[in-house]
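**Q** Quick one, structure for this:
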Amino acid sequence: MYLQYILAKKPRSAFCKSGELWYNRLMDNAQLKKLAKEAGFAEAYLLPPPDMPRNENEPSIVWNTEEHPWARVSCLLVLPYKPYPADCRIPAYYINSNISYHASVVLAKKLTAAGVKCLRAELPIKQLAVRYGVAVLCRSSLISIPPYGTRTVLQTLLLGSSEEHPLHPEEYSVPDDGLCSSCRACIAACPAHAIGEDGYDVQKCMRFYMDDADYPDWVYEIQRTHIGCEICQQVCPRNAGIGTEEPSAEAALAFDLDTLASGSTKSARLLVGKNITGRGKLQKEALNFLKRDRE
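**A** Model prediction:
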């Protein structure tokens, strides 16, 4: 009876579906940021909804503002990570990307259960972050978010706002330090010559061709890391103070080349996500790495 009394007195937003009590009746900006940190994110930036056209360097992002007229906030969730040593072929980014994806799903469910209109959405992250003062656009087309450099995984949520949940965009200002204008490190390091004085050419970048199961021969010849490429990030001075860490024993075992080459890729795919590793991709990469190691 007491629980029924409490439920009758508390607004719906005070409880999630599991019956967990929300001690703050309002889902305001501060409460949202608190929940984001509890989910594992270092930052939650609250930006306006996107109103810009598609960026050619983010070809998978198609945004139409009219599809979600209720949206009042684009929430940019930031998960920093430490890369593995430069000679390690295990993709630190994609392991952390998978972690951040599942964390964002949990957060979105909590917000929805609290009564906040919420949608996980593929938004033009780079454009949003740069336009609204969260990040600096690098010559490599990556974005740098102080103090994390380019070593971040980003997720985005579209959020509504109401009297009960007064979420609103905030203002940010990260000044461009002009470092790229005097630095040529990524230009010199890129094995695909995708970065030049005029910027980044997405169709020259090896990552552009790695969504398919079979890569062009030239990609197999210069590839250093499973699934993606981190060479420009390894030499970027904005990442100089971040350091590295060794992969976990679980990751090292899952990404053992002989194991992957034999076709046993389940453990590795669970770590980095199944959507980007289908059609035998990891096995083909492992066979290529083993071939190159023998040469």
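
**Q** Please count neighbours and contacts with C-alpha atoms only from this point.
**A** OK.

**Q** Report the distance from stretch 72-82 to the chain centre.
**A** Distance, stretch centre to chain centre, for stretch 72-82: 8 Å (C-alpha atoms, centre = their mean, to the nearest Å).

**Q** what's the average pLDDT for it?
**A** Averaging pLDDT along stretch 72-82 yields 97.

**Q** Would you mind listing the buried residues in the lengthiest helix in the chain?
**A** Longest helix in the chain by number of residues, with DSSP state H as the criterion: helix 92-113. Across helix 92-113, burial judged by 16 or more other C-alpha atoms under 10 Å covers 92-101, 103-105, 107-113.

**Q** go on, stretch 30-47?
**A** Under the neighbour-count criterion of 16+ other C-alpha under 10 Å, stretch 30-47 has 31-33, 35-37, 39-41, 43-47 buried.

**Q** about what we covered before: by contact count, what packs against the longest helix of the chain?
**A** strand 73-80, strand 118-120, strand 152-159, helix 266-272 (3 or more C-alpha pairs under 8 Å, 6 or more residues apart in numbering; DSSP states H and E).

**Q** Run through who's touching the first one.
**A** It refers to strand 73-80. With C-alpha atoms under 8 Å, 6 or more residues apart in numbering as the test, strand 73-80 has contacts from 36, 40-50, 96, 100, 104, 125, 148, 151-161, 167-169.

**Q** swap in the third one?
**A** With contacts defined as C-alpha under 8 Å, 6+ apart, strand 152-159 is touched by 49, 71-81, 93, 96-97, 100-101, 104, 108, 116-123, 125, 145, 167.

**Q** Now with 6 Å, please.
**A** Identification of contacts with strand 152-159 by C-alpha atoms under 6 Å, 6 or more residues apart in numbering yields 71, 73-81, 97, 117-121.

**Q** Render the CA-only coordinates of the following helix or strand past it in CSV, please.
**A** Sequence order places helix 179-182 as the next helix or strand after strand 152-159, per DSSP states H and E. What follows is helix 179-182, C-alpha atoms only, in CSV (Å, rounded to 0.1, in the frame of the first residue of the first chain):
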residue,chain,number,x,y,z
LEU,A,179,48.2,24.0,-34.8
CYS,A,180,47.2,22.4,-38.1
SER,A,181,48.4,25.5,-40.1
SER,A,182,52.0,24.9,-39.0
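
**Q** for this structure, what are the low-confidence residue spans?
**A** 1-25, 52-65 (pLDDT under 70).

**Q** now the strands for it?
**A** Assigned by DSSP state E, the strands in the chain fall at 43-47, 73-80, 118-120, 136-137, 143-144, 152-159, 195-196, 199-200.

**Q** Residue 248 is nearest to which of those strands?
**A** Among those, strand 73-80 comes nearest to residue 248, with 16.8 Å by C-alpha to C-alpha.

**Q** Sheet partners, orientation included, of the closest one?
**A** Using DSSP bridges, the strands paired with strand 73-80 are strand 43-47 (antiparallel), strand 152-159 (antiparallel).

**Q** among those, which is nearest residue 215?
**A** Taking these one by one with C-alpha to C-alpha, strand 152-159 is closest: 24.4 Å.

**Q** for the closest one, the distance to its chain's centre please.
**A** Distance, stretch centre to chain centre, for strand 152-159: 7 Å (C-alpha atoms, centre = their mean).

**Q** Could you check the angle that strand makes with helix 92-113?
**A** On the basis of axes from the mean of the first three to the mean of the last three C-alpha atoms, to 10 degrees, strand 152-159 is oriented at 20 degrees to helix 92-113.

**Q** Tell me the buried residues in strand 152-159?
**A** Applying 16+ other C-alpha under 10 Å to strand 152-159 flags 152, 153, 154, 155, 156, 157, 158, 159 as buried.

**Q** Any idea what the fourth one is bridged to?
**A** The one in question is residue 155. Note on residue 155: beta-bridge partners by DSSP bridges are residue 77.

**Q** which residues touch the nearest residue to residue 94 once chain neighbours are set aside?
**A** Counting by C-alpha to C-alpha, 6 or more residues apart in numbering, residue 94 lies nearest to residue 272, which is 5.2 Å off, once chain neighbours are set aside. For residue 272, the contact set (C-alpha under 6 Å, 6+ apart) comprises 94, 95, 98.
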